[in-house]
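Engineer: Sequence and computational prediction follow.
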Amino acid sequence: MTSTLTLVELAPADVAARLAAGEIRLIDVREPQEYDAAHIEGAELFPLSTFDPAAIPPGDKPIVFQCAVGGRSARAVEACLDAGLPNNQHMRGGIRAWMAAGLPVVG
């Protein structure tokens, strides 16, 4: 099934506001050692190296993917769209842009 959805990029400030409001699920597709070093509070870890869109438990909130700089999260979106799932949002610039914006991390 081919999706008509396309990749949507969100700025870190937008992701922070939506996460704080409880409007989204944030999925970090970096590797466990990267996540352990620093991650966004509330982010769920689903490494791209073992990523299976079907393994993401269903929820009632839109999913936003993030990684280090945006490449892996864009690939996670592509995998979801290829699987027919409507998960098409990712954070532009990844956690590096998040930290550059002065937003908090854990770790």
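Structural biologist: Cool, got the structure.

Engineer: biggest helix in the chain by residues?
Structural biologist: Counting by DSSP state H, the longest helix found in the chain is helix 71-82.

Engineer: gap between that helix and the chain center?
Structural biologist: Here helix 71-82 is found 10 Å from its chain centre; the criterion is CA atoms, centre = their mean, to the nearest Å.

Engineer: got the buried residues for it?
Structural biologist: Buried residues in helix 71-82, counted by 16 or more other CB atoms under 10 Å: 72-77, 79-81. No exception for glycine: its C-beta is placed from N, CA and C like everyone else's.

Engineer: Rebuild those as CSV, extending it with distance to Ile63.
Structural biologist: Below are the buried residues of helix 71-82 laid out as CSV (distance: CB to CB, whole Å):
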residue, distance to Ile63
Arg72, 14
Ser73, 11
Ala74, 14
Arg75, 14
Ala76, 9
Val77, 9
Ala79, 12
Cys80, 8
Leu81, 12
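
Engineer: Could you single out the nearest of these to Asp60?
Structural biologist: Cys80 (16.6 Å; CB to CB).

Engineer: how close does the closest one sit to Arg92?
Structural biologist: Remark: distance between Cys80 and Arg92 (CB to CB, to the nearest Å) = 17 Å.
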